[in-house]
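**Q** sequence and predicted structure, then a few things I'm wondering about:
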Amino acid sequence: SQQGEEDPQALSIQEGENATMNCSYKTSINNLQWYRQNSGRGLVHLILIRSNEREKHSGRLRVTLDTSKKSSSLLITASRAADTASYFCATDDAGGTSYGKLTFGQGTILTVHP
Amino acid sequence: DAGVIQSPRHEVTEMGQEVTLRCKPISGHNSLFWYRQTMMRGLELLIYFNNNVPIDDSGMPEDRFSAKMPNASFSTLKIQPSEPRDSAVYFCASSFHGLNEQFFGPGTRLTVL
């Protein structure tokens, strides 16, 4: 399996519900990031959480990081139809000089029904 | 800033032809990344540069693929000769080393017939 695996692969919810996506990784990291990709577009950075942080908020987004379990979760509260997209976690792996290289997971496809 | 610029946005070519994809990173960014995305393989890092120097090209699938970054504002990814299995969306991304967030271009959708 790969560094940065998201779970579930696909999630379908109703508008107003919360959406939770999980990410697991294998190596030690400097930070973990979440990105969003709308169909036919490039990825857009959502939020970054450093390895010494446990939780971070940005608007309706809440990210948690558990380095002991090598896992992270992204919670989107009060979802909207416009949140429909693919969501990717990406890790900046510790050790050596990476020059900003990230390892991306396979992504979770979120569909929010109006 | 206009963001990362990629051209062309769409490319349809025939097997055996040379394909050149172009990228202009965000001004001031010093790392540039080329990715390929397909349904089957997801998002794959092909090669990345720092200060115009290739750092890691281990993701380049084979010798048919080559990339250059002649200066801080321009990079190319070339496929010669192209094959149908090269059909994918190719993304370029840039970042400023130290801030770590990557900014993606809109991608080039390549179809090789």
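**A** Done, it's in. Residues are numbered from 1 along each chain as shown, chains lettered A, B, ... in the order given.
**Q** where does pLDDT dip in the chain?
**A** Reading this off chain A. Scanning chain A for pLDDT under 70 picks out A:1-4, A:96-98.
**Q** right idea, wrong chain: chain B
**A** For chain B (pLDDT under 70), the answer is B:1, B:98.
**Q** now the strands: where do they sit in it?
**A** Read by DSSP state E, chain B holds these strands, from start to end of the chain: B:5-7, B:10-13, B:19-24, B:31-38, B:42-50, B:53-56, B:65-71, B:74-79, B:88-95, B:103-104, B:108-112.
**Q** okay if I get the ones you listed as JSON lines plus distance to chain A and mean neighbour count?
**A** To be clear about C-beta, it is placed using only N, CA and C from the backbone, and glycine gets the same treatment. As requested, the strands of chain B are arranged in JSON lines below (distance: least, C-beta to the nearest C-beta, whole Å; neighbours: other C-beta atoms under 10 Å in any protein chain shown):
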{"stretch": "strand B:5-7", "distance to chain A": "8", "mean neighbour count": "17"}
{"stretch": "strand B:10-13", "distance to chain A": "11", "mean neighbour count": "14"}
{"stretch": "strand B:19-24", "distance to chain A": "11", "mean neighbour count": "20"}
{"stretch": "strand B:31-38", "distance to chain A": "4", "mean neighbour count": "24"}
{"stretch": "strand B:42-50", "distance to chain A": "4", "mean neighbour count": "20"}
{"stretch": "strand B:53-56", "distance to chain A": "6", "mean neighbour count": "14"}
{"stretch": "strand B:65-71", "distance to chain A": "13", "mean neighbour count": "15"}
{"stretch": "strand B:74-79", "distance to chain A": "14", "mean neighbour count": "19"}
{"stretch": "strand B:88-95", "distance to chain A": "4", "mean neighbour count": "24"}
{"stretch": "strand B:103-104", "distance to chain A": "3", "mean neighbour count": "21"}
{"stretch": "strand B:108-112", "distance to chain A": "8", "mean neighbour count": "19"}
